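Enquirer: With the sequence up front, the predicted model follows.
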Amino acid sequence: MEARIHRNLVTLMLNNPNPITTEPVAAKVYDRLHVYTLSAIQPTANPQSGSISVELLPCTGSGELASSDYVQKLTAPLTPEIMAAVPELAAAFQAVLAAIPATQAYLAAQQEASSNE
């Protein structure tokens, strides 16, 4: 028996008295990144208290996701400094804020339509 630590997991292994052989699996190229999670938290009006978190998971061009072992995590404070340094982030937040009223109207219309059925 042996114990290994891999990616912060402890794995215990025994010798298999009946080893098996599987067919080889073709290599896959995960040349895209799927946005697995995206969240922004601004719990108070204090501009220094928020954060943005993104998890990216490699995927193939056809959308097949890699194992979650390969997730790439990015977390950053949501401050005026980062908004100034990354204008694309500031523009994205402006776009999300601009879309909120239309999204609220859409959801209200969907709810009303489903209640009239």
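Expert: Arrived safely, thanks for sending.
Enquirer: and residue 57, how many neighbours does it have?
Expert: With neighbours defined by other Cβ atoms under 10 Å, the count for residue 57 comes to 19. Heads up, the C-betas are built off the backbone N, CA and C, glycines and all.
Enquirer: brain fart, residue 31
Expert: 9.
Enquirer: which residues does it contact?
Expert: By Cβ atoms under 8 Å, 6 or more residues apart in numbering, the residues touching residue 31 are 60, 61.
Enquirer: Spell out, range by range, the helices that occur in this structure.
Expert: Under the criterion DSSP state H, helices of the chain are mapped to 80-85, 87-115.
Enquirer: outside of the shortest one, which residues touch it?
Expert: Same thing as helix 80-85. Residues outside helix 80-85 that contact it (Cβ under 8 Å, 6+ apart) are 47, 76, 89, 90, 93.
Enquirer: closest one to residue 65 among the helices of the chain?
Expert: In terms of Cβ to Cβ, the element of those nearest to residue 65 is helix 87-115, at 23.2 Å.
Enquirer: centre of the chain versus the closest one, how much separation?
Expert: Centroid displacement of helix 87-115 relative to its chain, using Cα atoms, centre = their mean, to the nearest Å, is 20 Å.
Enquirer: any idea of the mean pLDDT for that helix?
Expert: Helix 87-115 carries an average pLDDT of 94.
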